[in-house]
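Student: please work out how this folds:
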Amino acid sequence: MRRRLINMMRVRQEEMTAAELIAGVIWQKQDQPWEFTHDLARHCWDEIRHALFGQAALEHEGIDWMRYPQYTVDYDLNSTRLPAAQYAWLSVGVEMGAMKRSGKRAEYEFCRDEAKHSLMTQFQDYDWADEVTHAHLGRKWGSELFDGDLERARTIAEQALAEDRQRIQQEAAEHLGEL
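Tutor: Take a look at the predicted model:
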């Protein structure tokens, strides 16, 4: 149980990669209306705050999070995609996926009911609430970036997620010498 809790803290702490991806999309899509920039800036800030949640929780547990390498694979895999595909991957693929029963709600309930970790329970509550907003932004701007076609954005996001899983599995197998 502790390993799962610490892993959850690490995942929060590494959400800086999501913030960096969103910042890149804002920069590359300067032709969008101000509302786009405003909404994505809010999304970016939320991801930065989530990273701070993870840092605070790890420090609370006496863990020096800076001694571990940062997980940047999500950013590395997506930074070469077109900005619309990057944002679809994050907001439509990842964030909307977090709305499933096994997503943010399950993380919150684990912290509250099993781990009984009051700090992470509070952080996960905020994280879950933010993900609701991010899923809304995904429907709004993910659709807009694909000419109003949310299904196309979903297809792009699902394809990107599948490609990412395949690359991660391949790199893991190569790293372990199984290929």
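Student: next up, phi/psi of Gly103, please.
Tutor: phi -90, psi -120 (degrees, to the nearest 10).
Student: what about Gln169, neighbour count?
Tutor: Here the neighbour count serves as a burial measure; for Gln169 (other C-beta atoms under 10 Å) it reads 10. Yep, even glycine has a C-beta here, placed from its N, CA and C like the rest.
Student: quick check: Ala135 touching Gly93?
Tutor: No. With contact defined as C-beta atoms under 8 Å, Ala135 does not reach Gly93; the gap is 10.7 Å.
Student: tell me which of the two has more neighbours.
Tutor: Set Ala135 next to Gly93 and count neighbours by other C-beta under 10 Å: Gly93 wins out with 24 against 21.
Student: helix or strand with the lowest mean pLDDT in this structure?
Tutor: For the chain, scoring each helix and strand by mean pLDDT, DSSP states H and E identifies helix 73-78 as the least confident one, at a mean of 82.
Student: helices of the chain, residue ranges please.
Tutor: With helices called from DSSP state H, the chain shows them at 2-13, 16-28, 34-60, 73-78, 83-87, 96-97, 106-109, 118-137, 143-144, 150-176.
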